[in-house]
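>>> Could you work out the structure for the sequence below:
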Amino acid sequence: MPILALVRHGQSLWNHENRFTGFVDVPLTEQGRGEARKAADALKGLKFDVAYTSALSRAQETLAILLDTLGQRPPVIRDAALNERHYGDLQGLNKADAAKEFGEKQVHIWRRSFDVPPPNGESLEMTAKRVLPFYDRAIAGDLRQGKNVLVVAHGNSNRSLVMRLDKLSGEAVVALELATGVPVVYDVTTEGQVVSKRGATP
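Have a look, this model is predicted:
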């Protein structure tokens with residue numbers, strides 16, 4: 001039975017600074033690199049046949065550290081379909097400063113509604129509309145072949161995948177918190193049906 005493991009990248013510099021990151025390419029912090037190593041410890045004993053990541057370096061670096069720690073060299077596929085949600089005009093802003101500028105209630109709506117995008121950005125619904133076709137086209141194809149798949153991406157791209165796998169509504173998925181560097185592991189059938197799910201913690 002194939003395994004699908006999802007990991008949100010380790011803490012980035014802008015996570016640390018409480019800033020909206022989105023498509024901006026920022027590096028991991030030292031804490032983030034440590035989280036990547038802990039994620040590898042949590043996944044020890046699992047062998048991956050293929051790995052997926054986004055076009056952003058914080059996810060790619062997390063994956064590289066994770067695979068190096070595990071001593072594995074599966075093929076790695078990078079695709080912008082797995083990028084973080086685009087936060088539009090909020091990108092680069094400190095979250096507290098954004099609340100002062102636009103109003104706390106408005107920023108909360110942008111962050112925690114499924115279908116309301118920030119100005120010039122993406123809603124979670126829009127993010128899912130690029131993530132899920134990629135899942136169907138690529139990742140699900142590997143699972144059908146019985147391959148163990150590792151995905152290292154972002155909070156909102158992984159939320160989109162969890163929404164599909166756990167059959168969550170849009171309202172339920174926006175409340176879902178995915179910690180940086182903490183794997184979630186699914187046992188799935190080759191048809192992509194979830195048999196079991198576990199948080200792999202060190």
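>>> wait, L93 sits on E101?
Yes: taking CB atoms under 8 Å as the definition, L93 is a contact partner of E101 at 7.4 Å. Yep, even glycine has a C-beta here, placed from its N, CA and C like the rest.
>>> So these two - more neighbours on which side?
L93 (19 against 13; other CB atoms under 10 Å).
>>> Would you check how far apart the more buried one and A172 are?
From L93 across to A172, the span is 27 Å (CB to CB, to the nearest Å).
>>> To what extent is E104 buried, counted in neighbours?
11.
>>> Can you dump the C-alpha atoms of the lowest-mean-pLDDT helix or strand in the chain in PDB for me?
Within the chain, no helix or strand scores below helix 170-174, which has a mean of 90 by mean pLDDT, DSSP states H and E. What follows is helix 170-174, C-alpha atoms only, in PDB (Å, rounded to 0.1, in the frame of the first residue of the first chain):
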ATOM      1  CA  GLY A 170     -13.800  24.900   2.500                       C
ATOM      2  CA  GLU A 171     -14.900  26.200   5.900                       C
ATOM      3  CA  ALA A 172     -13.300  23.400   7.700                       C
ATOM      4  CA  VAL A 173     -10.000  23.500   5.900                       C
ATOM      5  CA  VAL A 174      -9.300  27.200   6.600                       C
END
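>>> Quick check: what element follows it along the chain?
strand 184-188 (DSSP states H and E).
>>> Okay, buried residues for that following strand please.
184-186, 188 (16 or more other CB atoms under 10 Å).
>>> could you give me the average pLDDT of that strand?
The average pLDDT within strand 184-188 is 97.
>>> what's the answer for stretch 191-202, then?
Here the average pLDDT along stretch 191-202 is 81.
>>> Residues contacting that stretch, please?
1, 5, 38, 41-43, 140, 143-144, 165-166, 182-189 (CB atoms under 8 Å, 6 or more residues apart in numbering).
>>> Equivalent analysis for stretch 110-129, please.
Against stretch 110-129 from outside (CB under 8 Å, 6+ apart): 22, 85-91, 102, 109, 156-157, 159-160, 163, 170-171, 173-175.
>>> Now stretch 83-98: buried residues?
83-88, 90-91, 93, 98.
>>> my bad, stretch 151-170
Result for stretch 151-170 [16+ other CB under 10 Å]: buried residues 151-165.
>>> who touches the most centrally placed residue in the chain in this structure?
Among the residues of the chain, the one closest to the centroid is H154, at 2.8 Å (CA atoms, centre = their mean). Residues near H154 by CB under 8 Å, 6+ apart: 8-9, 54, 56, 59, 82-85.
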